[in-house]
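> The sequence and its predicted three-dimensional model are supplied below.
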Amino acid sequence: MKEIIIATKNTGKAKEFVQMFAPLGYEVRTLIDFPDVPDVEETGSTFEENALLKAETISKLLNRVVISDDSGLVVDALNGRPGVYSARYAGEQKNDQDNMDKVLRELEGIPSEERTARFCCALAVAIPNEASLTFTGTCEGVILEERRGEYGFGYDPIFYVVEEQKAMAELPPEIKNKISHRANALKKLKEQLPTVFKEGN
Ligand SMILES: O=c1[nH]c(=O)c2ncn([C@@H]3O[C@H](COP(=O)(O)OP(=O)(O)OP(=O)(O)O)[C@@H](O)[C@H]3O)c2[nH]1
Ligand SMILES: [Mg+2]
């Protein structure tokens, strides 16, 4: 089976990449399989910058084609926060429940028509001795007043997907993986797969 390395330590993302690459015949390996690889500091100010930092650093280290994902929640009423700080919005412990509580607290009293938001995903592909590629995807929604659903990870329980009329965490993986920001970015990447994953890479 062909193998693809995704430079993530996030188990929620890892699961989705396994599900999305399986039909293409790729076995996904993540940094959870490479415990000695150090954390890459996310010092960029955009999702794309951070995705490139992660993919290029790990690709150089392993001398392999590496894909990375930098993603997050952008809330209009919060001037785009949590944005690139989504994972650590409530602190370095990266706790999903604390992060959701912080967003809900900051939006207290704000009516639903002003609670518009989107998930954003930037995927970067780093290829040894070649220029890197990036692909972006978004998914539009509204921040709920309380949690709903058990699927997914991160902010999924408080993100209402307008298109599906359900919270993201109420959507089973086969639906989320068709409509999510990650799925939309991956659709663009897949169109380039034959050139990216040529023999030898
Ligand atoms: O409800 C959600 N559904 C999603 O589909 C989703 N995708 C991203 N996020 C949030 O954005 C952070 C990414 O930050 P991030 O790209 O730096 O990743 P991370 O630090 O968790 O792992 P790594 O890939 O960097 O190792 C995550 O932790 C989540 O809080 C999501 N929340
Ligand atoms: Mg991160």
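Here it is on my side, so go on. Ligands and ions are numbered 1, 2, ... in the order given.
> Next up, identify which helix or strand the residue in the chain that ligand 1 sits nearest to is on.
Here the chain gets closest to ligand 1 at one residue, residue 154, 2.4 Å apart by CB to the nearest ligand atom. No exception for glycine: its C-beta is placed from N, CA and C like everyone else's. For residue 154, there is no host helix or strand (DSSP states H and E).
> thought residue 17 was touching residue 6?
Yes - between residue 17 and residue 6 there is a contact at 5.0 Å, judged by CB atoms under 8 Å.
> Please identify every residue contacting each of those two.
Common neighbours of residue 17 and residue 6, counting by CB atoms under 8 Å, 6 or more residues apart in numbering, are 28, 30, 69.
> Could you pull up the residues touching the first one?
What that stands for is residue 28. 3-4, 6, 14, 17-18, 21-22.
> Which of those residues are buried? Put it as a ChimeraX command.
Restricted to buried positions by 16 or more other CB atoms under 10 Å, the ChimeraX selection for these reads:
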select :4,6,14,17,21
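> re the thing from before, give me the subset of the shared contacts of residue 17 and residue 6 lying in strands.
Per DSSP state E, strands hold the following members of the shared contacts of residue 17 and residue 6: 28, 30, 69.
> tally of neighbours for the last one?
When you say that, I think you mean residue 69. Using other CB atoms under 10 Å, residue 69 has 25 neighbouring residues.
> That one bridge partners, please.
residue 123 (DSSP bridges).
> swap in the first one?
Residue 28 has the following beta-bridge partners by DSSP bridges: residue 4.
> Which helix or strand contains residue 54?
helix 47-62.
> quick one: that helix to chain centroid distance?
Here the centre of helix 47-62 is set off from its chain's centre by 14 Å, with CA atoms, centre = their mean, to the nearest Å.
> Repeat that for stretch 44-51.
12 Å.
> So which residues make contact with that stretch?
Contacts for stretch 44-51 (CB under 8 Å, 6+ apart): 42-43, 52-53, 68-72, 84, 120-124, 134, 136.
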